[in-house]
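kindly return the folded structure for what I paste below:
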Amino acid sequence: MSNGALGIILAAGKSTRMKSALPKVLHEVCGRPMIEYVLDAARASGVTRIVAVVGHRAELVQAELSRHADVEFALQAEQKGTGHAIMMCRDQLASHDGPVLVLAGDTPLLKSESLVGLLKAQSDSSAAAVIGTTDTQANQGLGRIVRDSAGKFDRIVEERDATAEQRSIQEINTGCYAFDSKSLLSALDRIRPDNNQAEYYLTDCPLVLKRDGKTVVAAKVFDVSEAMGVNTRAQLADVTRAIQQSNLSRLMANGVSISVPELTYIDPRAVIGADTVILPFTYIHGPVVIGADCRIGPHVVLRGKVEVPAGTEVAPFTSLEG
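You can find the predicted model right below:
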């Protein structure tokens, strides 16, 4: 029995709206499959065991993720809803005694600090389930969090089932959850596909547990950007832009000069020393290491395991691949 945190990552979906044969979670964001950002956030929050639920072209996802020693797999051969996906993890849940994080593999902007907050909310309240929430005016198509007169969680209402008053609610379900493992197993046995899609919804589990008299909490611990799932090529570009901007800001805060950030691409895995100057139209991809006091560009491509010693000037139009 493990009493650390178990992470279940939903990674069975197709890329239907992206019009792609590649599984959605394998589309790259800044040089890495988007699911790897979710894995990083889960690990940094204290998750010690990860189960990826695979389905569509499962062999591709498994081949990509099998190099991670802490990732195991559950197969959802038929995609019959989020609750059904978690049902495929019964063996892992049965061997686990402790908190369970359930996350979507297409949310690469998740922050470990928010996941820590979600786990803390579950621990502090000894809750059977905690639904991660955030506020947004752009709530179209999202599940609303309905609270009672005391401000406690009452239920999740999907937009198609919501009244006009409920549609105005700005607190939404992010799709991130923390469960007690035994409570989750119990709830999975009792949810039913009583909906137009004939699917098993994970969102029904908190309601089942609430009816049991167990504690269910809605915790507003996320920023709205973290809930941005990638369903379209445009959203993929939005997420890539957000991660690039964050990475360039971090580098500049640590003493790297980037003369025109909007005309520069730097992989988040790259390491760059202080007082290095990066000139426009520079493309740095992969685990490139650049020392201090360098001058790179303009129009330079550095790709792979390239190391640039401190004090080096890389001339315009240079291309190096390691």
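
going forward, measure contacts between C-alpha atoms and count neighbours the same way
OK.

helix or strand next in line after whichever helix or strand L302 is part of, which one?
L302 belongs to strand 301-303 when assigned by DSSP states H and E. Later in the chain than strand 301-303, the nearest helix or strand by DSSP H and E is strand 307-308.

would you give the sheet partners of that following strand, along with the direction of each?
If you go by DSSP bridges, strand 307-308 pairs up with strand 289-290 (parallel).

quick revisit: which helices and strands does the strand holding L302 pack with?
Helices and strands touching strand 301-303, by 3 or more CA pairs under 8 Å, 6 or more residues apart in numbering; DSSP states H and E, are strand 283-285, strand 319-321.

strand partners of the last one, parallel vs antiparallel please.
The one in question is strand 319-321. Counting by DSSP bridges, the strands paired with strand 319-321 are strand 301-303 (parallel).

now the strand it pairs with: buried residues?
Residues of strand 301-303 classed as buried: V301, L302, R303 (neighbour count, 16 or more other CA atoms under 10 Å).

show me the contacts for the second one.
Neighbouring residues of L302 by CA atoms under 8 Å, 6 or more residues apart in numbering: Y283, I284, H285, V288, S319, L320, E321.

ends of stretch 224-242, how far apart?
13 Å (CA to CA, to the nearest Å).

so what's the residue count around Q92?
For Q92, the neighbour count with other CA atoms under 10 Å is 18.

just give the nearest non-adjacent residue to it, would you?
Of all residues not flanking Q92 in the chain, V51 sits nearest, at 7.9 Å (CA to CA, 6 or more residues apart in numbering).

residue boundaries of the helices in the stretch 201-322 of the chain?
204-211, 233-253 (DSSP state H, counting those that start in this stretch).

packed most tightly, which of those would that be?
helix 204-211 (a mean of 20; mean count of other CA atoms under 10 Å).

chain center to stretch 112-130, what's the gap?
16 Å (CA atoms, centre = their mean, to the nearest Å).

what pLDDT, on average, does that stretch get?
Average pLDDT, stretch 112-130: 97.

and for that stretch, what's in contact with it?
Stretch 112-130 is contacted by residues 40-46, 99, 101, 132, 177-180, 183-184, 206, 209, 214-219, 221-222 when judged by CA under 8 Å, 6+ apart.

and for stretch 35-45?
By CA under 8 Å, 6+ apart, stretch 35-45 touches 7, 11, 25-26, 50, 103-113, 115-116.

now, which of the residues you listed lie within helices?
Under the assignment DSSP state H, the contacts of stretch 35-45 contribute S112, E113, L115, V116 to helices.

how many neighbours does L115 have?
L115, neighbours per other CA under 10 Å, totals 26.

go on, R17?
11.

next, it: phi, psi?
Backbone torsions for R17, taken as degrees, to the nearest 10, come to phi -70, psi -20.

that one contacts T232, correct?
Yes. Using CA atoms under 8 Å, R17 makes contact with T232 at a distance of 5.6 Å.

which neighbours do these two share?
Contacts common to R17 and T232, judged by CA under 8 Å, 6+ apart, are absent.

now do the strands in the stretch 1-150 of the chain.
5-11, 28-29, 32-33, 47-54, 71-75, 99-104, 129-135, 144-147 (DSSP state E, counting those that start in this stretch).

export the ones you listed to JSON lines and tack on distance to D189?
Below are these laid out as JSON lines (distance: least, CA to CA, whole Å):
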{"stretch": "strand 5-11", "distance to D189": "18"}
{"stretch": "strand 28-29", "distance to D189": "36"}
{"stretch": "strand 32-33", "distance to D189": "33"}
{"stretch": "strand 47-54", "distance to D189": "18"}
{"stretch": "strand 71-75", "distance to D189": "18"}
{"stretch": "strand 99-104", "distance to D189": "17"}
{"stretch": "strand 129-135", "distance to D189": "15"}
{"stretch": "strand 144-147", "distance to D189": "24"}
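
go through these and name the closest to I191.
strand 129-135 (14.8 Å; CA to CA).

who does that closest one pair up with?
Paired neighbours of strand 129-135 in the sheet (DSSP bridges): strand 171-180 (antiparallel), strand 216-219 (parallel).

where does this protein dip in pLDDT?
1-3 (pLDDT under 70).

so what are the domain limits for it?
Here the domain parsing of the chain from automatic domain parsing is 5-227, 255-321.
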